[in-house]
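Colleague: Sequence below, structure please.
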Amino acid sequence: MKRFEKNKETLLKYGFSDETADLLILKGYTKTKLSTASKKELLEDFPEDIVNEIKEKTVRQPIPEDVFDKLVKETELHCPFCWNYKEELPIIIHHIDPYNETQDNTYHNLIVLCLNHHAEVHTKREISQNNFTKARLLTKKEEWIQALKEYKTGNRAAPGEETDNNKSKIQIKQNINGKICEPLIQTFYCDFLKDIELGISEIITDQINVINVHKVKDSYNYGDRSPNSLGVRMGISYTPIFIEDETKNEINDFSKNENVPLNSSFFNLGQLEEISPMPIYDSDGLSGTDMEKDKYYKIYKLHENILIKKDLKAFSENFENRIFFCLVLSNKGSTYDEDIDVTLYFPKDSILFPNDFPIPNRNLIIEPRQLCEKLLETVSNHNIDDYPDINPYIHSSFSFIPTYSFLNNKTVEEIYEEKIEEYLGIIKELFSSFEFFRTAEEDVVKIHQDYLKHNITNNFPTIIISSENIEKISYCISTKNHPQMITGEVHISK
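Modeller: So this is what the prediction gives:
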C-alpha cells in the first residue's frame, strides 16, 4: 500500500500535491515552518505561484486523520481516471466541492487525482471535454474502489491490466445505410406529402363521380321538404348550405396550379341544408341525402389538405439549407458497458437547438405530436435498436385529424396558441435525453446512456439537425469500463 513519511502526509492533508510536498521538504520546511514564514522569506526559496499556494493552504483545516487513512486504504492513493494500478504518479487530494466554498473535509467530498487530471478538473472552459462533473467524480471514485476490492479478492485483473477479451468497444457510427445525411427537405417534405396528395387525388376523383350521379337541379326545389315563406318548418329553421367563396377560390387555385380539372358542378351541394336549432336526434345538424352530406365533408377535407400542403411547404423551407444526422452508439466488444457519456462537437452555431425550432402555421399544427414524430424520428431495423429510453409514441400511425370540439368555446387563435405550446413541449420532450451547449468555440451536444450490451447498436433518441457545410463530427465517450476517454470522428457522407 502506498504510504508517505509523516511530514509529507501532513502536507497532503492541507491540500498540497505530493510533488509540491517533496519540494517543500527538500527545502527543509514543515507545516509549522511554512505557517510562520513571511512571504518575503518564502520568495527566497520558491516561485511566487507556490508561495501564494502556501499562504492559501496553510490556513486551512487539515483533512482529519481517520478520513485520510480511509482514503489511503480504499484508493491506495491512485487516480481513478488513470485506471492503472501498477503506475505510480504524483497525486493530490482534491475537494469535489471547493474547499474555499465549503470547508468540507469529509470522505465523501475527497478524491485522489493525478496532477494531469487535477488540472483538467480545474479547466476554465465552459464545457470541459473530459466531463468532470461532481457526479462523474464520485462515480469514478467508487468504480476504482470497487475494482481494487475485486482485484484483491482475485475476481478481476489489476485495474489497467484488463485484456481485450473483457472490454467493451464503444464508438459513434453513421447510420447502417452509409448515408448519415440527406437534405432534410427531400425526406421530410416529400415523404410527408404522399398521404396528403393521395387524399387530395382520391377526394377530387370521388367528387367528380358523385357529381355525375347527383345531377344539379336548375332551380332550388324543396319538394316534400318545402318550408313556409320564412324558411321554417314546424318551428325548425332550414338554411341552404353553400361552399364559401374563400374555400372555392383556394381549391380552384390549387386545381389550376396542379393542372387538375374540376367538374363544373364540383361545388354544388344539391339540396343540403343546415338545421337550426340542431335536433337532439341529429348529430351533424344537416338535412340532406347521405351523398350530399358526404360531398360536403369531403370538399372541406380537400380544402384542409390543400391548406396543410401549403403550410407544410412553408414550414419545410426552414430546413432547406440543413441536413440531419442519424447517429448510432455501437458496442462491438465482447462485454457490456454502462454509465456511458457521449459528447459531440460541432462547428459553432451549426446545430438547431430545440428552442430554435420553427413554429408551424395553424393548419399544420393540428396534431403536433405526430408532426414532431414525422420530423425527428429515427428508423430502426434488424441491425439497429431504438434508444432504450425512447418515448412510447414514436412510430405511431400518422394522420391529420382535427381534434377540436365545437363545445370548447375557444377561438381559433386560442386553439392555435395551445397547439404551439404543445408542439414546443413535445420538441423539448423528444430532446430530453440530450444536453445542448454553445461555447465560444463550438456547439456541444451531450447524451447519457445507462447501459449498452455487447454486439448491440442503438439509435440516438432523435435525429440531430445541423448546417449543410459540416464535414465531420468529433466525439469523446467516457464509460464505466474504460478509464481513458474514447475519442473519434464521424466523417459526413455527402
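
Colleague: so where's the protein shaky on pLDDT?
Modeller: 1-4, 124-131, 162-170, 172-235, 278-283, 334-335, 379-409, 468, 483, 493-494 (pLDDT under 70).

Colleague: Excluding covalently adjacent residues, which one is nearest to the most centrally placed residue in it?
Modeller: By Cα atoms, centre = their mean, the mean C-alpha position of the chain lies nearest to residue 431, the distance being 2.4 Å. Leaving aside its sequence neighbours, residue 431 sits nearest to residue 354 (Cβ to Cβ, 6 or more residues apart in numbering; 4.5 Å). C-beta here means a position set from N, CA and C on the backbone, and glycine is covered the same way.

Colleague: Can you report phi and psi for the residue nearest to the centre of the chain?
Modeller: phi -100, psi 10 (degrees, to the nearest 10).

Colleague: Could you do the one 3 residues further on as well?
Modeller: Geometry field for residue 434 lists phi and psi as phi -100, psi 160, criterion degrees, to the nearest 10.

Colleague: secondary structure class for the residue nearest to it when sequence neighbours are not counted?
Modeller: Among residues not flanking residue 434 along the chain, residue 447 sits closest, at 5.3 Å (Cβ to Cβ, 6+ apart). State at residue 447, reduced to three classes by DSSP: H, G, I helix; E, B strand; the rest coil: strand.

Colleague: Residue 447: what's it in contact with?
Modeller: Residues near residue 447 by Cβ atoms under 8 Å, 6 or more residues apart in numbering: 341-342, 344, 433-435, 460-461.

Colleague: if you set the cut-off to 6 Å instead, what comes out?
Modeller: Contacts for residue 447 (Cβ atoms under 6 Å, 6 or more residues apart in numbering) come out as 342, 433-434.

Colleague: Quick check: it vs residue 425, distance?
Modeller: Distance, residue 447 to residue 425, using Cβ to Cβ, to the nearest Å: 20 Å.

Colleague: ditto for residue 417
Modeller: 13 Å.

Colleague: Next: residue 65.
Modeller: Residue 65 is 54 Å from residue 425, by Cβ to Cβ.

Colleague: Hmm, residue 442 is touching residue 345, no?
Modeller: Yes. Using Cβ atoms under 6 Å, residue 442 is in contact with residue 345, at 5.2 Å.

Colleague: ok, the residue nearest to the centre of the chain touching residue 353?
Modeller: No. With contact defined as Cβ under 6 Å, residue 431 does not count as touching residue 353 (8.6 Å).

Colleague: pull the CA atoms of the helix or strand where residue 138 lies into CSV?
Modeller: Element membership for residue 138 (DSSP states H and E) is helix 134-152. This file holds the C-alpha atoms of helix 134-152, laid out as CSV (Å, rounded to 0.1, in the frame of the first residue of the first chain):
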residue,chain,number,x,y,z
LYS,A,134,-19.4,16.2,-9.5
ALA,A,135,-21.4,13.1,-10.3
ARG,A,136,-18.8,11.8,-12.6
LEU,A,137,-16.0,12.3,-10.0
LEU,A,138,-18.0,10.5,-7.3
THR,A,139,-18.9,7.6,-9.7
LYS,A,140,-15.3,7.2,-10.8
LYS,A,141,-14.1,7.1,-7.2
GLU,A,142,-16.5,4.3,-6.3
GLU,A,143,-15.7,2.4,-9.5
TRP,A,144,-12.0,2.5,-8.6
ILE,A,145,-12.6,1.4,-5.1
GLN,A,146,-14.8,-1.5,-6.2
ALA,A,147,-12.2,-2.6,-8.9
LEU,A,148,-9.5,-2.7,-6.2
LYS,A,149,-11.6,-4.8,-3.9
GLU,A,150,-12.3,-7.3,-6.7
TYR,A,151,-8.7,-7.4,-7.7
LYS,A,152,-7.6,-8.1,-4.1
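
Colleague: gap between that helix and the chain center?
Modeller: 29 Å (Cα atoms, centre = their mean, to the nearest Å).

Colleague: who touches that helix?
Modeller: Residues outside helix 134-152 that contact it (Cβ under 6 Å, 6+ apart): 74, 80, 96, 111, 156, 158-159, 480.

Colleague: are any of these buried, and which?
Modeller: When the contacts of helix 134-152 are checked for burial by 16 or more other Cβ atoms under 10 Å, the buried set is 74, 80, 96, 111, 156, 159, 480.

Colleague: so of the residues you listed, which ones are in strands?
Modeller: Counting by DSSP state E, the part of these found in strands is residue 111.

Colleague: want to throw the buried ones among the contacts of helix 134-152 into TSV with distance to residue 104?
Modeller: Listed next are the buried ones among the contacts of helix 134-152 as TSV, based on distance: Cβ to Cβ, whole Å:
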residue	distance to residue 104
74	18
80	19
96	8
111	12
156	32
159	27
480	26
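
Colleague: from the buried ones among the contacts of helix 134-152, which ones fall inside helices?
Modeller: residue 74 (DSSP state H).
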